[in-house]
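1. compute the structure for the input listed below.
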Amino acid sequence: MSRRVRRKVARKGKEKVVLPSYPEIEDEVSGSEYNGFVDWTGLPDDTVIQLFSCLNDRDRASLASTCKTWRVLGISPCLWTSLDLRAHKCNDAMASSLASRCVNLKKLRFRGAESADAILHLQARNLREISGDYCRKITDATLSVIVARHEALESLQLGPDFCERISSDAIKAIAFCCPKLKKLRLSGIRDVHADAINALTKHCPNLTDIGFIDCLNIDEMAMGNVVSVRFLSVAGTSNMKWGVVSHLWHKLPNLTGLDVSRTDISSAAVSRLLSSSQSLKVLCALNCPELEGDTNFAPRKYKNKLLLALFTDILKELALLFVDITKKGKNVFLDWRNSMNKDKTLDDIMTWLEWILSHTLLRIAESNQQGLDAFWLKQGATLLLNLMQSSQEDVQERAATGLATFVVIDDENASIDCGRAEAVMRDGGIRLLLNLARSWREGLQSEAAKAIANLSVNANVAKAVAEEGGIDILAGLARSMNRLVAEEAAGGLWNLSVGEEHKGAIAEAGGVKALVDLIFKWSSGGDGVLERAAGALANLAADDKCSTEVAVAGGVHALVMLARNCKFEGVQEQAARALANLAAHGDSNSNNAAVGQEAGALEALVQLTQSPHEGVRQEAAGALWNLSFDDRNREAIAAAGGVEALVALAQGCSNASPGLQERAAGALWGLSVSEANSIAIGREGGVVPLIALARSEAADVHETAAGALWNLAFNPGNALRIVEEGGVPALVHLCSSSVSKMARFMAALALAYMFDGRMDEYALVGISSESISKGVSLDGARRMALKHIETFVLTFSDPQTFSAAAASSAPAALAQVTEGARIQEAGHLRCSGAEIGRFVAMLRNPSSVLKSCAAFALLQFTIPGGRHAMHHASLMQNGGAARVLRAAAAAATAPLEAKIFAKIVLRNLEHHHMEPSL
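-> Next up is the predicted model:
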């Protein structure tokens, strides 16, 4: 997985620091500034309080702790009229500690049942507004006690998630205890009975805004008696008796706005409500299937009344609310906000519409319904962008969440609708989201960052985010003390870091250090933020330069800590992937060795190969594969039980994804470089699963399985096991049929090892009698193997170029043969002295096929430009290979291919200046 984002805000060091500008206090500050030094303690009290007002609750508390004077100013009642506890785990103790500051608290936002229980300890008896989410576990008893202690309450909102444990009894308690209530919005109540609604009618005469949303049953007749109601929403409520509604609710004398979105309301009920109500101005019926399915319904015949539905032009309809409609259109909400002629009735309608539209659009986006593409592209995205500019914070948050949600097609695979994402970009949505992300309000920061993260899955949007400065903004948010903000910012960096072009910018913005710090900061209790931070680091570690920065910032220790201690599979998978990428740069930095030397790293990765989650097993095996390229790591992995664990993994992944199969075989390939490990793998039963993987349909799996079998076949005991377990037909199939040249090459080399005579000697000693019992014919297997080795080598032997090379041995002719025979990836293979010596010895083998195969292999290993060509040339020179090569090149009985390839190898040795005089 991967995602992205960028923008510069405040930087340390020599660069200019960009801070908010407050002209009204600049004169006062300048009076205290001397030679660039500001005496902050000399600022007037009202200036300090104004500074405090620009901070969130957490930063305000931190600033107040700097000195006694500011501690007193920090608890000034004017700073504590509103409080947002959603980002905090607010228990009784925390609430009690805040009580002295909450005497004048008017507005409170909280999250979850524990915070709800703690509200009483704030002792904020003058509260006017309470808004809560994640309220599934809040009970009637808790809600009843809350409202009993806050009789001045004017607004109570719980949702949008369902309030499953709240019943009509709690609604009655609200009615009895809160006579000043003006607004009541509750989501997911099972049954709203008549006695509860009647209690509201009797005891709350000022109740003008009611929302019973996503409920199961509402007493429609009782609702028709709430004469004070102006705005009513029953969106998403099932089991409504629309006949009763249409005959009673139109009589409500003050009903101005009605929301029936996401219900099964009929066109007949809509018509009756619009035609009969004297006061109704707006009926919102978005996503109502029965209404939308009536092709005979005519929505425009009701004068001075608006119907908002998926089949109407919503913004154009809203423009009809205004006297001057000449400038109204896509910017109708913005025009209303900027209007100099204020109309309270219109303001009330538009404020309510913002709330119910943001709620309904989010619910529609969450449902991910089919067939709504046209709506989202034509007006849904535009509506959400309009709502993001609302003055209501909760509307802004829901609109940003809606943008984050409506683009997602498949959350599991991080798939988004590119058309929707680019529609947001075209309408200026990226700049709007980044502006929200700069807000000091943490709720807006987290929702904006989430939207940026999801949209950035699209490469074009990611580029726009980076160009607008989103990377610096997200890197700054990743340092937030608010876990939710940091989590979404890390998700944005994760997605942005997929693009190679963004990795360097993330590092320059301090994103690497911020991500590493997140792991230490939220090492427990923050699975979401840890997964995103580790995922972003994994993407960044794939870049050589960024990989070094991750290590310097302490990333190795942080990621190993996650691999060892975290139990959440998403975190384990990304931590293992990050360690795999860190270890993949063995030739350019020391990270591979550093990971292996980190205490507990190898043991943790070996343990993760036994995870029940395939993704975790795959990434852990990939990490062990990369780490096994280091000699010390290779032996340490074996000592940590890696051989047994990886053999077991290979045995169990016959039906797994190609990615897991490739990495399991790859890790065994890496370990089998050591002869001791190779023997151990054979003894533990590793031959059979590797043969099975060699039969895979995936070319990548072919390569790693063939590589592992090649290494194993170097040992004659393993070679015999491969023959006994039916490995020859599997390798022959690879050698002749794989689409991967590398797989074919290594399969041919494995077969060459198996039939160069050493296995025969081993078999004659009588150490293994299984071949007799299994009825394996070594002679038959040898003939099959040599035939296909010969066919493989001949595919790189063009008769015309070979004839020209044989006739002249001119450099140009040999170079032409080399280009035709070259397997590019073979230059990455590194052989030991024993392996090179074995191929040199094969040049003397009686089999002409093995001579050709050996010369072909040595050609691949010494071609100038190969990563390890100099190493191989040095080994050959030290082993006196030149004499053998000359003999092979001159042998009258040797096949033409062997002669030409031997000449080319000699030329390669001369190129590397490694041959001394003989």
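2. on the three-state scheme, Gly132 is what?
-> Classification of Gly132 using DSSP: H, G, I helix; E, B strand; the rest coil returns strand.
3. and it, how far is that from Arg86?
-> Gly132 sits 9 Å away from Arg86, going by C-beta to C-beta, to the nearest Å. Heads up, the C-betas are built off the backbone N, CA and C, glycines and all.
4. with Ala894 instead?
-> According to C-beta to C-beta, Ala894 and Arg86 sit 80 Å apart.
5. buried residues of stretch 638-655, list them for me.
-> 638, 640-651, 653 (16 or more other C-beta atoms under 10 Å).
6. got the end-to-end distance for that stretch?
-> End-to-end span of stretch 638-655 (C-alpha to C-alpha, to the nearest Å): 26 Å.
7. give me the residues contacting that stretch.
-> With C-beta atoms under 8 Å, 6 or more residues apart in numbering as the test, stretch 638-655 has contacts from 602-603, 606-607, 609-610, 617, 621, 624, 660-661, 664-665, 667-668, 671, 674, 676-677, 680-681, 684-686, 688-690, 692-693.
8. distance of the nearest residue to Leu321 once chain neighbours are set aside relative to Gln877?
-> In space, and not counting its chain neighbours, Leu321 is closest to Leu346: 6.2 Å by C-beta to C-beta, 6 or more residues apart in numbering. Leu346 sits 91 Å away from Gln877, going by C-beta to C-beta.
9. Lys281 too?
-> 93 Å.
10. do Ala448 as well
-> 64 Å.
11. go on, Ala890?
-> 19 Å.
12. quick one, which of these two is more surrounded?
-> Gln877 (16 against 11; other C-beta atoms under 10 Å).
13. that one touches Leu909, doesn't it?
-> Yes. Under the criterion of C-beta atoms under 8 Å, Gln877 makes contact with Leu909 at 6.6 Å.
14. which residues of the stretch 301-450 of the chain fall in strands?
-> 306-308, 408-410, 415-416 (DSSP state E, counting those that start in this stretch).
15. coming back round to it: contact partners for the residue nearest to Leu321?
-> Counted by C-beta under 8 Å, 6+ apart, Leu346 has contacts Leu321, Phe322, Trp336.
16. hmm, back to that, so which of the contacts of stretch 638-655 belong to helices?
-> 602-603, 606-607, 617, 621, 624, 660-661, 664-665, 667-668, 671, 676-677, 680-681, 688-690, 692-693 (DSSP state H).
17. now, of the residues you listed, which are buried?
-> For those, buried by 16+ other C-beta under 10 Å: 602-603, 606-607, 617, 621, 624, 660-661, 664-665, 667-668, 671, 677, 680-681, 688-690, 692-693.
18. count of residues packed around Ile171?
-> 25.
19. who touches the helix or strand hosting it?
-> Using DSSP states H and E, Ile171 sits within helix 168-177. For helix 168-177, the surrounding residues in contact (C-beta under 8 Å, 6+ apart) are 140, 143-144, 147-148, 150-151, 153, 156, 181, 184, 186, 189, 191-193, 195-197, 199-200, 202-204.
20. restricted to buried residues, select those residues in ChimeraX.
-> Typed into ChimeraX, the next command selects the buried ones out of those (criterion: 16+ other C-beta under 10 Å):
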select :140,143,144,147,150,153,156,181,184,186,189,192,193,196,197,199,200,203,204
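21. lowest average confidence, helix or strand, in the chain?
-> helix 23-30 (a mean of 38; mean pLDDT, DSSP states H and E).
22. grab the longest helix from the protein for me.
-> helix 344-367.
23. can I get stretch 121-138 in PDB, CA atoms only?
-> Below are the C-alpha coordinates for stretch 121-138, written out as PDB (Å, rounded to 0.1, in the frame of the first residue of the first chain):
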ATOM      1  CA  HIS A 121     -17.100  16.100  36.600                       C
ATOM      2  CA  LEU A 122     -16.600  19.200  34.500                       C
ATOM      3  CA  GLN A 123     -19.200  20.900  36.600                       C
ATOM      4  CA  ALA A 124     -20.200  23.100  33.600                       C
ATOM      5  CA  ARG A 125     -23.700  23.800  34.700                       C
ATOM      6  CA  ASN A 126     -24.100  26.600  32.200                       C
ATOM      7  CA  LEU A 127     -23.600  24.400  29.100                       C
ATOM      8  CA  ARG A 128     -25.700  25.400  26.200                       C
ATOM      9  CA  GLU A 129     -24.600  22.900  23.500                       C
ATOM     10  CA  ILE A 130     -23.500  19.300  23.800                       C
ATOM     11  CA  SER A 131     -22.500  17.300  20.700                       C
ATOM     12  CA  GLY A 132     -21.200  13.700  20.900                       C
ATOM     13  CA  ASP A 133     -20.200  10.900  18.500                       C
ATOM     14  CA  TYR A 134     -19.300   7.300  18.900                       C
ATOM     15  CA  CYS A 135     -22.300   7.000  21.200                       C
ATOM     16  CA  ARG A 136     -23.300   3.400  20.700                       C
ATOM     17  CA  LYS A 137     -22.600   2.500  24.300                       C
ATOM     18  CA  ILE A 138     -24.200   5.500  26.000                       C
END
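24. below-threshold pLDDT in the stretch 801-918 of the chain: ranges please.
-> In the predicted model of the stretch 801-918 of the chain, residues 913-918 satisfy pLDDT under 70.
25. actually the stretch 351-500 of the chain, sorry about that
-> Using pLDDT under 70, the stretch 351-500 of the chain has no residue that qualifies.
26. quick one: the helices in it?
-> 373-375, 381-387, 393-406, 418-426, 429-437, 442-455, 459-467, 470-477, 483-496, 500-508 (DSSP state H, counting those that start in this stretch).
27. could I get those as a markdown table with distance to Arg136 and mean neighbour count?
-> As requested, the helices of the stretch 351-500 of the chain are arranged in a markdown table below (distance: least, C-beta to C-beta, whole Å; neighbours: other C-beta atoms under 10 Å):
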| stretch | distance to Arg136 | mean neighbour count |
| --- | --- | --- |
| helix 373-375 | 30 | 14 |
| helix 381-387 | 26 | 24 |
| helix 393-406 | 18 | 25 |
| helix 418-426 | 30 | 19 |
| helix 429-437 | 27 | 23 |
| helix 442-455 | 20 | 28 |
| helix 459-467 | 34 | 21 |
| helix 470-477 | 28 | 29 |
| helix 483-496 | 18 | 30 |
| helix 500-508 | 37 | 20 |
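28. Cys566 is in contact with Ala604, correct?
-> No. Counting by C-beta under 8 Å, Ala604 stays clear of Cys566, with 10.0 Å between them.
29. show me which of the two is the more surrounded one.
-> Between Ala604 and Cys566, counted using other C-beta under 10 Å, Ala604 has the larger neighbour count: 25 against 22.
30. what strand or helix carries Lys202?
-> With DSSP H and E as criterion, Lys202 is part of helix 194-203.
31. which other helices and strands contact that helix?
-> Judged by 3 or more C-beta pairs under 8 Å, 6 or more residues apart in numbering; DSSP states H and E, helix 194-203 is in contact with helix 168-177, helix 220-223.
32. out of those, which gets nearest to His585?
-> Closest to His585 of the helices and strands packed on helix 194-203 is helix 168-177 (C-beta to C-beta; 60.1 Å).
33. now do the buried residues in that closest one.
-> Ser168, Ala170, Ile171, Lys172, Ala173, Ile174, Ala175, Phe176, Cys177.
34. orientation of that helix relative to helix 194-203 in degrees?
-> 10 degrees (axes from the mean of the first three to the mean of the last three C-alpha atoms, to 10 degrees).
35. export helix 168-177 to PDB, keeping only CA atoms.
-> In PDB, the C-alpha atoms belonging to helix 168-177 read as follows (Å, rounded to 0.1, in the frame of the first residue of the first chain):
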ATOM      1  CA  SER A 168     -37.700   7.000  24.500                       C
ATOM      2  CA  ASP A 169     -37.200   7.100  28.200                       C
ATOM      3  CA  ALA A 170     -34.100   9.200  27.800                       C
ATOM      4  CA  ILE A 171     -36.000  11.500  25.400                       C
ATOM      5  CA  LYS A 172     -38.600  12.000  28.100                       C
ATOM      6  CA  ALA A 173     -35.800  12.900  30.500                       C
ATOM      7  CA  ILE A 174     -34.500  15.400  28.100                       C
ATOM      8  CA  ALA A 175     -37.900  17.000  27.800                       C
ATOM      9  CA  PHE A 176     -38.400  17.200  31.600                       C
ATOM     10  CA  CYS A 177     -34.900  18.500  32.400                       C
END
